[in-house]
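Peer 1: Provide a 3D model corresponding to the input given below.
(3 chains)
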Amino acid sequence: MISMADISTILSRYDENDIKIATVCSHSALQIFHGARMEGFATIGISTARNRPYYESFPIAKPDIFIEIDDYKDILNKDIQEKLMKENAIIIPHGSFVEYIGADNILEYLLVPMFGNRLTLLWEGDRRRQRRWFDEAGIPTPKVYDSPFEVDRRVIVKLHGAKGGSRYFTASNRYDLESKLQKLGYREGYVIEEYIAGVRYYPHFFLSPLGRPNIPGIGYGSLELLGIDRRLEVIDEVYRGWPDVIEDYLDFTVTGNQPVVLREKLLIDLLEIAVRLVSTSRKLFHPGLVGPFCIETIYNPKRGFIVFEVSARIVAGTNLYTSGSPYSVFYYNEPMSTGRRIAREIKKAIKEDKLETIIY
Amino acid sequence: MISMADISTILSRYDENDIKIATVCSHSALQIFHGARMEGFATIGISTARNRPYYESFPIAKPDIFIEIDDYKDILNKDIQEKLMKENAIIIPHGSFVEYIGADNILEYLLVPMFGNRLTLLWEGDRRRQRRWFDEAGIPTPKVYDSPFEVDRRVIVKLHGAKGGSRYFTASNRYDLESKLQKLGYREGYVIEEYIAGVRYYPHFFLSPLGRPNIPGIGYGSLELLGIDRRLEVIDEVYRGWPDVIEDYLDFTVTGNQPVVLREKLLIDLLEIAVRLVSTSRKLFHPGLVGPFCIETIYNPKRGFIVFEVSARIVAGTNLYTSGSPYSVFYYNEPMSTGRRIAREIKKAIKEDKLETIIY
Amino acid sequence: MISMADISTILSRYDENDIKIATVCSHSALQIFHGARMEGFATIGISTARNRPYYESFPIAKPDIFIEIDDYKDILNKDIQEKLMKENAIIIPHGSFVEYIGADNILEYLLVPMFGNRLTLLWEGDRRRQRRWFDEAGIPTPKVYDSPFEVDRRVIVKLHGAKGGSRYFTASNRYDLESKLQKLGYREGYVIEEYIAGVRYYPHFFLSPLGRPNIPGIGYGSLELLGIDRRLEVIDEVYRGWPDVIEDYLDFTVTGNQPVVLREKLLIDLLEIAVRLVSTSRKLFHPGLVGPFCIETIYNPKRGFIVFEVSARIVAGTNLYTSGSPYSVFYYNEPMSTGRRIAREIKKAIKEDKLETIIY
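Peer 2: Presented below is the predicted three-dimensional model:
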C-alpha cells in the first residue's frame, strides 16, 4: 500500500506555484474543473477519446490539459502517472474515479497525490466496516440481517459494488427473498437491510481541516453544509406505471438529482450526526474524513434520521449547486460549489504550507 | 390583548438607529438572520442551549446576539421581553415561533414589537374564520363537511394545531371516517375537507404597505411573488412503498421543500387570488395582510386553483430561495430572499418614519 | 407562404439601433422580457386587457410597450403587424404563441420577423415529419403503431394539438385501446406510441449559428446546454390518490416544472443526440434548428435515452432558470437564462450585421 510518507515525498517535489487540479472526465468533473478555474487553478482532464470533444465544448468548465486514455485503469500506468506528477497534479477523486479504477488499485498503485484521506476508501467501500463506523458513532442505521433466515419484514438487498443502485431489489419476507436470491443466483456479495419508509435526504458536507472549529465536538477543522439533494432513481417514476409495466420501473439506478431543503429543525439533527461521524472517523482511520462527504439518510418522523451510507468524496448531487446552494450562502458571499470549495481548500493549504494535511 | 397603541408607545422609545432583527432559532431563522445582515441589521437569536452552537456555526447567518432560553414560552417572561426591547428588537414571527409560543399568548402577552399585523394570528389559526375570509374574497376552497354524516366522497381530516400535517389522515367515505375517528378517539378539534386531486403549489407572496400600488384592486401597497415551492411530506415517497409498508408512508408530516415554477398563464390566476385575499383581509382585520404570506393551493385543470390555507407569515418553503428565486429576479436586480425582503421593508420604514405601518 | 426573401426585405427597413423584442404575454414572456432588458433591448408585450396589469406588476420584467388585443389571432391583423414592424419588432415565438396563432397562420400571414427558423414549425407540429427527422438522425424513439390492431403492449395515445398533454391517455392493450378510442369518439388525429418506462428529462439547448463550432459534427455554430427540467403534470401526484379518486389524477396536463440535473456520463449521450438532431435538421429544413430547442426524453437504463419529441422554440421549463442554471455557468460567467441568451444572439447578429442568419 502506498503510504502517506510516499505521497509526502512526491508532494515535496511539486512546484507549489503550478499545482493543477486533475480528475477523470465524468461524474462531477465539470463542476470540479469549473470550481478550480474560479480559484485560479489550471486543470487536467483524464478522458477517453469519445468524451473529450464534449468536455471541450464547455468554455468555462473544460480542462486546460487533456490526458487521453483508452481504459480508465490506464491511469495506473507508469507513464500516465508520471505525466500527472510532472504537471504537479492533485487528483480529485469522485464516485466514477473510484468505481472505474477500483479502491484496491488506488491504495496499492496510485502514486499521484489525491485530495482527501485515501484511507476512507477502505471504510466506505466495505459495508461491514461502514456499519462499525456508524455504530461507534452512535448513529441509527437500518437493521441488517446476516442471513435470509432472520428476515422478519420487508428488506432491500444491496449488491456490493452495484454502483448507482442498478441491481438493488426488495423482498417482502424470507421466502420472497430466498426465491429472488436463487433466481438471480446470488450466494454472497450482498447485504440484506431492513426497508425503511420515509423521505430520502442526501446532505453534502465539507470538513475543512484548515478551518477553525465551528461546532463543539468537531475537535479540529470546520464543518460546512453545502447543499442537500434527493436522488432521482428509475423507481421514482414508478407511480406513472401501470401494473403491466411496473417491473421496468423497479430499478434503483440513479439517473440524476433534484434539489431540496430540509426543515430547519431537522438540520440541527443532521449537523449533529455529521459531527459524530467526523469525530469517530478520526479514531478509526486517522485523520478521518477530509473534504467533501455525503450522508445518505432517510427521515422518518417516528424514528428520526436513519443513515444507510456515507460517501466520503464529492457526490454527483452537488452538480445541482454549481453556483452555490440555499445553504452555501450562509457560509460564503460568493457562489460556492463543492468543486470550488475543494479548490479553495487546496489554495489555502498551499498558502499556509499545509498541503500534507489535506492530501494523501 | 396588547393593542396597537401599546406597541406604538414601545416603538416610540426605540432607538431607530439601532433596530435589531430577532427571531427564534428554528424554521426560517437562518434565512431571516442572513437577510437582515444583507440589509445591515444586527440580529438576535432566541435559542435553546442545544441549538445555539449549531446556529453559531454559520458564519454569515449566525445571529450577533444570543438569548438563551430553556423553553420557548419563556420569551413571554418579563426579563426576556425587557432584554429584547432594550436591544430595540423587532421580532420576525415564523411558523415555529407562533407554534411554540401560541397565538393567544402572543396576542395577550407579547409586548415586543413584531413585524406584520398580529391580528392575522386570529384569522390564520382558526379554520372557520379562515374559511369566512376565503368566502368573502370569492376564492374556491375545498368543500367542508360539518359532520361525518354528510360525507359523500373521499375526505381529508385535518386536526387543529397538528402542525406540519403530522396527524392528518384521509377517509374514503362516511363509514371509513367514523371508524377512523372512533379508533383515534377524536370527537372535536378537526375539520373534514373534501379531498382534492391535483398538483400542490405554494406561492410565497410579499405585500409591501410602503410600496406603490402595482396591481389594480390592491388598494395600497405593492404585491410581489417571491417564489413557489412544493412541500415534501412523508407521503410524497409512498410510491416507493410496497403494500406491506405503505402504512408507514401515510403521513402528511412536512419534512422539507422542493422548488417549482408554474405555467405562466396560471401565474396570473394566482396573482388575482392574492389580490383578492389582500383586499378582503383589510376589511376583516385592518390593516390586513402585511409582509410575507403563502397561499396553499392545489391546481386541478378542471377546477382551477383550490385554496386550502393561507399562512400569513414567512413559510419554510422560502428557505429554498435564500439567494432569490426564478420569480424574485423579476422584481430585484440582487439576490432577494423573503428574509431579506422583510429586512428591507423595515429599513425603508425606518427611513420614511413609517414603522408603525408595518409593525404591530 | 411568407418567404425568407419577404422577411429580408422587411428586416432591411428596420432601424437596427432600435430593434425591440416582442412576444405574447404568456408562457415564458416574463423571462424573455427580463432577458431582453438585461441585454439592453426595449420590449413589446402583446397582451389581452385582462393580463396586462399583471405583467405590468413586475418592475424588471414588464414590457416597455404594450399592444393590447382581444384575441391572439388578431396579431395577424394588418394594423397590429404594421405597428410591430414600425417598432422594429422581432418576435420571439414561444409555445403559447404558436398554439394561439397556429403554425399555418404564422407561415402564411405573419410578416413580422421572428427569431429562429420558421420552417421548424412545419416539422415540430407534425408527428410524422418529426419521426422522419428522428429516424434520419438515427435517434431512438418509441415504437409507433399505425393502427390499434398492431398494439402489443401498453401504449400512450397523444392527440394532435392537445397542447399541454391535457387529453393524452394510456391503454394496456389493443382491446383497451379500441374501447377507449370508441368511447372518446376519436377516429383520427392521434398517434399511438409505445409506453416507455423511465425517468423523463427535458434538456434545454441553444444552437447559436453565430458561435464557433464547439463539438465535432455540429458543422457550424455552437451548441449550449442551458438547463434541464422535468415537467410537473397532474399525473405526477397520482401516488397521493386513493383508488376512488385516481381517475382525477390520470391527466397529463403540464402544470409547471421542476429542476433536475442528470448524471454527467449521460450528459454526453444527450449532447451527442442534440448534435445529430441539429445536423439532420439542416438537411431537412435549411438552415435547420436555430436558437433554443428542447429534446423531450425518457431515460431507461436498459435502452438509454428515448426521444419522443423536440420543441424547436423556448420551452416553459426554462422559466426555472431565469438567473441561470447548474449548466449555464459552464458557458457564462453571468446569469444566463434562455430568454437572455436569445437577446444576446440578436445583439451579436446586429453588431456583426448577420440578422438574416437568425431571423426568419
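Peer 1: Chain C contacts on the stretch 151-300 of chain A?
Peer 2: Within the stretch 151-300 of chain A, the positions near chain C by C-beta under 8 Å from any C-beta of the partner chain are A:164, A:166, A:232-234, A:236-237, A:239-242, A:244-245, A:248-249, A:251, A:253-259. No exception for glycine: its C-beta is placed from N, CA and C like everyone else's.
Peer 1: Can you flag which of these belong to helices?
Peer 2: A:248-249 (DSSP state H).
Peer 1: residue ranges with poor pLDDT in chain A?
Peer 2: Applying pLDDT under 70 to chain A flags the ranges A:161-164.
Peer 1: What segments of it are helices?
Peer 2: A:4-12, A:29-38, A:52-56, A:78-86, A:95-101, A:103-109, A:120-124, A:127-137, A:174-184, A:246-249, A:264-284, A:338-351, A:355-358.
Peer 1: ranking those by burial, who's on top?
Peer 2: Among the helices of chain A, helix A:29-38 has the highest mean neighbour count (mean count of other C-beta atoms under 10 Å in any protein chain shown), at a mean of 27.
Peer 1: re the thing from before, can you select the buried ones among the residues of the stretch 151-300 of chain A next to chain C for me in ChimeraX?
Peer 2: Buried subset of these, written as a ChimeraX selection, criterion 16 or more other C-beta atoms under 10 Å in any protein chain shown:
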select /A:164,232,233,234,236,237,239,240,241,245,248,249,251,253,254,255,256,257,258,259
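Peer 1: Of the residues of the stretch 151-300 of chain A next to chain C, which are in range of chain B?
Peer 2: Near chain B, by the rule C-beta under 8 Å from any C-beta, you find A:236, A:239, A:258-259 out of these.
Peer 1: Name the member of those with the shortest distance to chain B.
Peer 2: The closest of these to chain B turns out to be residue A:239 (C-beta to the nearest C-beta; 3.8 Å).
Peer 1: Now the two most distant members of the ones next to chain B among the residues of the stretch 151-300 of chain A next to chain C.
Peer 2: A:239 and A:259 (20.2 Å; C-beta to C-beta).
Peer 1: circling back: of all the helices of chain A, which one is nearest residue A:19?
Peer 2: Nearest to residue A:19, of all the helices of chain A, is helix A:338-351, at 6.4 Å by C-beta to C-beta.
Peer 1: tell me the contacts of the residue nearest to residue A:301 when sequence neighbours are not counted?
Peer 2: Leaving aside its chain neighbours, residue A:301 sits nearest to residue B:253 (4.6 Å; criterion: C-beta to C-beta, 6 or more residues apart in numbering or on different chains). Contacts for residue B:253 were tallied using C-beta atoms under 8 Å, 6 or more residues apart in numbering or on different chains; they are A:301, B:164-166, B:233-234.
Peer 1: Going by distance to chain C, which of those wins?
Peer 2: Comparing those against chain C with C-beta to the nearest C-beta places residue B:233 closest, at 8.9 Å.
Peer 1: The residue lying closest to the closest one once chain neighbours are set aside: what's it in contact with?
Peer 2: Spatial nearest neighbour of residue B:233, chain neighbours left out: residue B:252 (5.0 Å); criterion: C-beta to C-beta, 6+ apart. Counting by C-beta under 8 Å, 6+ apart, residue B:252 makes contact with B:165-166, B:168-169, B:233-235.
Peer 1: Give me the subset of those residues lying in strands.
Peer 2: For the contacts of residue B:252, membership in strands holds for B:169, B:233, with DSSP state E as the criterion.
Peer 1: out of the contacts of residue B:252, who's nearest residue A:286?
Peer 2: For the contacts of residue B:252, the nearest to residue A:286 is residue B:234 (38.9 Å; C-beta to C-beta).
Peer 1: My read is that that closest one contacts residue A:198, right?
Peer 2: Yes. The pair residue B:234 / residue A:198 is scored as a contact, 6.3 Å apart, by C-beta atoms under 8 Å.
Peer 1: which neighbours do the two share?
Peer 2: A:300-301, B:248-249.
Peer 1: Taking these together, which two end up most distant?
Peer 2: The farthest-apart pair in the shared contacts of residue B:234 and residue A:198, when distances are taken by C-beta to C-beta, is A:301 and B:249, at 10.8 Å.
Peer 1: what residues are up against the residue nearest to residue A:280 when sequence neighbours are not counted?
Peer 2: In space, and not counting its chain neighbours, residue A:280 is closest to residue A:137: 3.9 Å by C-beta to C-beta, 6+ apart. By C-beta under 8 Å, 6+ apart, the residues touching residue A:137 are A:273, A:276-277, A:279-280.
Peer 1: Save these as JSON lines, and put in distance to residue A:286 too.
Peer 2: Putting the contacts of residue A:137 into JSON lines (distance: C-beta to C-beta, whole Å) gives the following:
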{"residue": "A:273", "distance to residue A:286": "21"}
{"residue": "A:276", "distance to residue A:286": "17"}
{"residue": "A:277", "distance to residue A:286": "15"}
{"residue": "A:279", "distance to residue A:286": "12"}
{"residue": "A:280", "distance to residue A:286": "11"}
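Peer 1: Closest one of those residues to chain B?
Peer 2: residue A:273 (11.6 Å).
Peer 1: residues contacting that closest one?
Peer 2: Neighbour list for residue A:273: A:137, A:139, A:295, A:297, A:305, A:307 [criterion: C-beta under 8 Å, 6+ apart].
Peer 1: Going by neighbour count, which of those residues comes out on top?
Peer 2: residue A:297 (28 neighbours; other C-beta atoms under 10 Å in any protein chain shown).
Peer 1: Show the contacting residues for it.
Peer 2: Contacts of residue A:297 by C-beta under 8 Å, 6+ apart are A:200-203, A:270, A:273, A:305-308.
Peer 1: Nearest to residue B:132, out of these: which one, please.
Peer 2: The closest of those, once distances to residue B:132 are taken by C-beta to C-beta, is residue A:201, at 38.4 Å.
Peer 1: What is the burial count for the closest one?
Peer 2: Residue A:201 has 23 neighbouring residues, counting by other C-beta under 10 Å.
Peer 1: Please name the bridge partners of it.
Peer 2: For residue A:201, the beta-bridge partners under DSSP bridges are residue A:297.
Peer 1: Please tell me I have it right and it contacts residue A:294.
Peer 2: No. Using C-beta under 8 Å, residue A:201 is not in contact with residue A:294, being 10.2 Å away.
Peer 1: re earlier: how close does the residue nearest to residue B:233 get to residue A:76?
Peer 2: Separation of residue B:252 from residue A:76 (C-beta to C-beta, to the nearest Å): 52 Å.
Peer 1: cool, residue A:277 as well?
Peer 2: The value you get for residue A:277 to residue A:76, if C-beta to C-beta is used, is 30 Å.
Peer 1: Spatially nearest residue to residue A:312 (excluding sequence neighbours)?
Peer 2: residue A:120 (3.8 Å).
Peer 1: so what's that neighbour up against?
Peer 2: A:281, A:285, A:288-290, A:312-313.
Peer 1: which one of those residues sits closest to chain B?
Peer 2: Taking C-beta to the nearest C-beta as the measure, chain B lies nearest residue A:289 of these, at 16.3 Å.
Peer 1: Distance of the nearest residue to that closest one once chain neighbours are set aside relative to chain C?
Peer 2: Distances taken as C-beta to C-beta, 6+ apart place residue A:281 nearest to residue A:289, at 4.5 Å, with adjacent residues excluded. Distance from residue A:281 to chain C, counting by C-beta to the nearest C-beta, to the nearest Å: 27 Å.
Peer 1: wait, doesn't residue A:281 sit right on residue A:132?
Peer 2: No. Using C-beta under 8 Å, residue A:281 makes no contact with residue A:132, being 11.4 Å away.
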